[in-house]
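Q: predicted model and sequence follow; I will ask about them next.
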Amino acid sequence: KIMAKDLVRTRQYITKFIEMRSHLQGCALKLQTVKSHAAMAEAMANTAKAMKKMNKAVDVPAITKMMAEFEKENMKSEMMQEIMGDAIDDAMEGEENEEEEEKIVNQVLDEIGINFQGEVPSAPALGLASEMPAVAEGGKVAVGLGGDGGDDNNATNNGNSGGGGDDRLTDLEARLNNLKR
């Protein structure tokens with residue numbers, strides 16, 4: 001009987017020791033959590049101090065002024081570079097380029113019906129039916145898309161100027177009539 005009582009007491013002590021150990025582990029966990037919170041608070045305080053120092057060190061108006069000056073100087077530099085590039089291009093450019101450019105400009109102007117002096121052909125009057133080019137058998141007018149082929153500005157269109165008008169004007173009228181059909 002004494003041994004039975006001793007066994008019951010021992011079991012009760014074991015249960016109490018297990019409860020105390022779990023309470024101690026809970027307290028240790030709480031202490032560790034508090035310690036990590038304290039470390040986090042300290043780190044945040046140090047970060048705030050560093051940010052204050054950075055904000056004091058950075059002068060926003062001075063940086064804005066510096067950026068404006070940089071932009072101004074950059075614009076000057078770009079303008080100088082463009083001027084120098086144009087000057088070099090002008091110095092390197094020869095007569096060949098000018099003649100080629102002039103030829104291309106004249107071709108384009110001929111295609112749209114404007115001569116080099118900038119004269120735009122006048123609008124035709126209503127009675128131009130007598131000046132119409134001859135119509136082929138199929139009822140269509142043959143019209144070239146390339147103007148006068150890049151030849152001289154005043155070249156004739158194979159003698160198709162009906163009535164002594166401008167050849168380019170006749171060509172434009174033929175194209176217009178072809179579009180109306």
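A: Happy to help now that I have it.

Q: scan this structure for its longest helix.
A: helix 2-57 (DSSP state H).

Q: just checking, which helix or strand of this structure averages the lowest pLDDT?
A: Taking mean pLDDT, DSSP states H and E as the measure, helix 95-112 is the helix or strand of the chain with the lowest mean score, a mean of 78.

Q: buried ones in it?
A: Within helix 95-112, the residues that qualify as buried are 106-107, 109-110, counting by 16 or more other CB atoms under 10 Å. Any C-beta I mention is one placed from the backbone N, CA and C, and that applies to glycine too.

Q: please report how far Ala174 lies from Thr47.
A: 82 Å (CB to CB, to the nearest Å).

Q: between the two, who's got more neighbours?
A: Between Ala174 and Thr47, counting by other CB atoms under 10 Å, Ala174 is the more crowded of the two (20 against 10).

Q: dump whichever strand or helix holds the more buried one to CSV, keeping only the CA atoms.
A: Ala174 is located in helix 167-180, with elements delineated by DSSP states H and E. Extracted C-alpha coordinates of helix 167-180, given in CSV (Å, rounded to 0.1, in the frame of the first residue of the first chain):
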residue,chain,number,x,y,z
ASP,A,167,2.0,69.2,-121.7
ARG,A,168,1.9,68.6,-118.0
LEU,A,169,-1.6,70.1,-117.8
THR,A,170,-2.7,67.8,-120.5
ASP,A,171,-1.3,64.8,-118.7
LEU,A,172,-3.1,65.8,-115.5
GLU,A,173,-6.3,66.2,-117.4
ALA,A,174,-5.9,62.8,-118.9
ARG,A,175,-5.3,61.3,-115.5
LEU,A,176,-8.3,63.1,-114.0
ASN,A,177,-10.6,61.8,-116.8
ASN,A,178,-9.2,58.3,-116.3
LEU,A,179,-10.1,58.5,-112.6
LYS,A,180,-13.7,59.7,-113.4
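
Q: in it, what's buried?
A: In helix 167-180, residues buried by neighbour count (16+ other CB under 10 Å) are 167-174, 177.

Q: what is the nearest of the residues you listed to Met92?
A: Closest approach between these and Met92, by CB to CB: Arg168, at 35.4 Å.

Q: surely that closest one and Glu111 touch.
A: No - using CB atoms under 8 Å, Arg168 is not in contact with Glu111; the gap is 9.3 Å.

Q: can you tell me how far Glu19 sits from Tyr13?
A: In terms of CB to CB, Glu19 sits 11 Å off from Tyr13.
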